[in-house]
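> 3D model of this:
(4 chains)
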There are 2 protein chains.
Amino acid sequence: MNIQLKFNMNDKLFLRDPEQSELGKKIILHSVQLIHQNGFEAFTFKKLATLIGTTEAGIYRYFENKHRLLIYLTAWYWSWLEYQVAFNINNIKDPTVKLKRVIKLLATTVENDSNTLYVDESILHQIIITEGTKAYLNKRVSEDNKDHLFKPYKDLCAVIGKMILDCNPNYKYPKSLATTIIEMAHFQNFFMNNLPSLTDFGQHKNEAEIVRFLEDLVFSSIKTP
Amino acid sequence: MNIQLKFNMNDKLFLRDPEQSELGKKIILHSVQLIHQNGFEAFTFKKLATLIGTTEAGIYRYFENKHRLLIYLTAWYWSWLEYQVAFNINNIKDPTVKLKRVIKLLATTVENDSNTLYVDESILHQIIITEGTKAYLNKRVSEDNKDHLFKPYKDLCAVIGKMILDCNPNYKYPKSLATTIIEMAHFQNFFMNNLPSLTDFGQHKNEAEIVRFLEDLVFSSIKTP
DNA sequence: TTTAAAAAGATAGTAACACTATCTTTGCAT
DNA sequence: ATGCAAAGATAGTGTTACTATCTTTTTAAA
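The predicted structure is shown next:
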């Protein structure tokens, strides 16, 4: 099978669609590398341009600024993850099993997806852990939200929220629990690797522990007493 | 009673102790205002200097850069909060009641503390919600962690983790649950105010709902079945 | 096959930002 | 009265975050 995944990205995310050209694809591919290497704060269009052999102005034709590029990358990631979830839970009836699959997907290192040629999902996953929240934790949220830039994130939350309700239709906080699962999958991973004394699984550095913590958290909460 | 609180801040947080001079206190007071107004990204030492009638160089004598200043503010906040926790749970025996107090402190708008003259805690609380995680979500974490810059945050987590263990000595993830409480108190607040469709209490904008969610989450998890 | 348009490359320029350096003045402690 | 630390004043540098314009290359329609 040689299938290629393509997500319909909100066209307010970019000035020119990066998926439509070689240069665009290079921008995505190498921005992921560069942000991963330097961190988002030290990442600049200048450095990216030099790396891929174009000019700053060239990058600016695709993205208004690096913040927009970050939002694009996060949006792409959440779209991709929603697809992974849909694929993984297909044919599964039991909502409990579904939720467990989701938790595993969120908290475990992603294996690279051969269906997307110019994105390295495992590095992107690392970026989302460290930089993902910066996409919305700023003064422009409301504005960006009006342009529906966070729709993929919201969609995934909605999907997870629905699963939670399927487990227990009386549970009161399905959406908040969904965001808790997502954000904590990432935060616990970050803490485990960088501030291990903040977690209960510092020494092993084992993602399976995060999965167990999240499963315990989620299923204790939603099960009817 | 006219008491003044003073926290011993790690002296790697600054170049010159801002609490020791009028200018230093002005820097703290007005940086809080300015970050709150503009967001951390748009905040610059130039703007701060103009606002308080000094020069950029003047600010640089106190803080290496704006990131260090952010770490200072977060460290101060967590120290202050740990004190608030200690004060609030004094004489309370029941660890369940203690935990409830902590959740309330974390998830509720702080009333301004008249014991600290040059910090506006309620605005600082708002800043910590939006900018707090940026103190550690970056490439310098490990380095900064070696200098113990995150100790106040860690200390508070340890205190909360201990309470959790007091509730149930067999609970396996006290530290991870502690960070979950802290971070989710803030994230749910941010979502409620900025991306309400991600929460289950969007329309009311009521912090009491966040408290209820967190209490449900925490006590479902730690209670033995 | 020519023609035009869109995309990319090349180059330049600007205001703001993130600092560093140095020199002078002020205040206060001995 | 002297000395020293803090603060003020001023200047300068390299980088960042753009915007503008002009030329060349690629692509796609006439």
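
> what's the average pLDDT for stretch A:207-214?
Mean per-residue pLDDT for stretch A:207-214: 97.

> and that stretch, how far from the chain's centre?
18 Å (Cα atoms, centre = their mean, to the nearest Å).

> now it: buried residues?
The neighbour-count check on stretch A:207-214 (16 or more other Cβ atoms under 10 Å in any protein chain shown) flags A:207, A:209-214 as buried. All C-beta spots, glycine's among them, are computed from the backbone N, C-alpha and C.

> which of the residues you listed are close to DNA strand D?
Among the buried residues of stretch A:207-214, proximity to DNA strand D is found for none (Cβ under 7 Å from any atom of the strand).

> so which of these are in strands?
The strands, defined by DSSP state E, take in nothing from the buried residues of stretch A:207-214.

> mind putting those into CSV with distance to residue B:172?
Shown next, in CSV, are these (distance: Cβ to Cβ, whole Å):
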residue, distance to residue B:172
A:207, 16
A:209, 9
A:210, 12
A:211, 13
A:212, 8
A:213, 8
A:214, 12
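
> residue numbers of chain A in contact with DNA strand C?
A:16, A:21-24, A:53-58, A:61-62.

> now do 6 Å
A:16, A:21, A:23, A:54-55, A:57-58, A:61 (Cβ under 6 Å from any atom of the strand).

> which one among these gets closest to residue B:96?
residue A:16 (56.9 Å; Cβ to Cβ).

> my guess is that closest one meets residue A:24, correct?
Yes. Using Cβ atoms under 8 Å, residue A:16 is in contact with residue A:24, at 6.9 Å.

> which one of these two has more residues nearby?
Per other Cβ atoms under 10 Å in any protein chain shown, whichever of residue A:16 and residue A:24 has more neighbours is residue A:24, with 19 against 14.

> what sits against that one?
Residues in contact with residue A:24 (Cβ atoms under 8 Å, 6 or more residues apart in numbering or on different chains) are A:16-18, A:62.

> now the host helix or strand of it: mean pLDDT?
Assigned by DSSP states H and E, residue A:24 belongs to helix A:22-38. Helix A:22-38 shows a mean pLDDT of 97.

> what about the next helix-or-strand element following that helix, distance to the chain center?
Downstream of helix A:22-38, the next assigned helix or strand under DSSP H and E is helix A:45-52. Counting by Cα atoms, centre = their mean, helix A:45-52 is centred 24 Å from the centre of its parent chain.

> could you do stretch A:140-159 as well?
How far stretch A:140-159 lies from its chain's middle: 13 Å, per Cα atoms, centre = their mean.

> touching chain B at all, it?
Yes. Stretch A:140-159 is in contact with chain B by Cβ under 8 Å from any Cβ of the partner chain, via A:141-142, A:145, A:150, A:153-154, A:157.

> hmm, that stretch touching DNA strand D?
No. Using Cβ under 6 Å from any atom of the strand, stretch A:140-159 stays clear of DNA strand D, coming no nearer than 11.8 Å.

> same deal with stretch A:49-68?
Yes. Shown here: stretch A:49-68 in contact with DNA strand D (Cβ under 6 Å from any atom of the strand) through A:56-57, A:60, A:65.

> which parts of that stretch count as buried, going by neighbours?
For stretch A:49-68, a neighbour-count test (16+ other Cβ under 10 Å) marks A:49, A:52, A:54, A:58-59, A:62-63, A:66-68 as buried.

> so which bits of chain A are right by DNA strand D?
Going by Cβ under 6 Å from any atom of the strand, the residues of chain A near DNA strand D are A:44, A:46, A:56-57, A:60, A:65.

> no further queries at this time; thank you.
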